[in-house]
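Q: no letters, just coordinates:
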């Protein structure tokens, strides 16, 4: 099954022309997903979601949230859903050279081409001086 989060799911059996299947039971299993926040009294928390290209955050919550305490956590309510037009995305947080990696490759390539051209001119001049001295 694909990695989805749904309250309900549907199983479809394609039995074609074979005799009907007798299904006595269906079981399911999955991971329990929670969204845990540290409680800051008197402060608002904002949750941003819906970006399929966002990187998954990595948190070390070992010991902060255990399976025994999950049921005892206070439940948060959410306010109205609003767009966030000022969100610039992950790329705005990256350094310039990481946002535009192709520029680095172009600059390095041009620098190498320039150095090769200068080396060619030096060899050409040395070769020209050797032919003048031999004649």
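A: Yep, it's here. Predicted model, so just to flag it, every value in this text is computed and none were measured.

Q: could I get the phi/psi values of residue 55?
A: Per-residue torsions, residue 55: phi -80, psi 150 (degrees, to the nearest 10).

Q: that one: neighbour count?
A: Neighbours of residue 55 under the rule other CB atoms under 10 Å: 7. Using the backbone N, CA and C atoms, a C-beta is placed for each residue, glycine as well.

Q: how close does it sit to residue 98?
A: Computed as CB to CB, to the nearest Å, the residue 55 to residue 98 distance reads 13 Å.

Q: go on, residue 12?
A: From residue 12 to residue 98 the distance is 45 Å (CB to CB).

Q: these two - which one has more neighbours?
A: The neighbour comparison of residue 12 against residue 98 (other CB under 10 Å) goes to residue 98, with 10 against 4.

Q: and the pLDDT at the more buried one?
A: The pLDDT attached to residue 98 in the predicted structure is 76.

Q: also residue 93?
A: Reported pLDDT for residue 93: 67.

Q: repeat that for residue 135.
A: So, for residue 135, pLDDT stands at 59.

Q: quick check: the residue nearest the centre of the chain vs residue 128, distance?
A: Among the residues of the chain, the one closest to the centroid is residue 55, at 2.9 Å (CA atoms, centre = their mean). Going from residue 55 to residue 128 by CB to CB gives 57 Å.

Q: excluding chain neighbours, give the residue nearest to residue 97 in space.
A: Leaving aside its chain neighbours, residue 97 sits nearest to residue 104 (5.5 Å; criterion: CB to CB, 6 or more residues apart in numbering).

Q: no no, residue 32
A: residue 70 is the one closest to residue 32 (CB to CB, 6+ apart), at 7.4 Å.

Q: in the chain, which spans are helices?
A: 96-99, 101-134 (DSSP state H).

Q: worst mean pLDDT among those?
A: helix 96-99 (a mean of 76).

Q: output the contacting helices and strands for it.
A: Packed against helix 96-99, as judged by 3 or more CB pairs under 8 Å, 6 or more residues apart in numbering; DSSP states H and E, are no other helices or strands.

Q: what comes up buried for it?
A: Judged by neighbour count (16 or more other CB atoms under 10 Å), helix 96-99 contains no buried residues.
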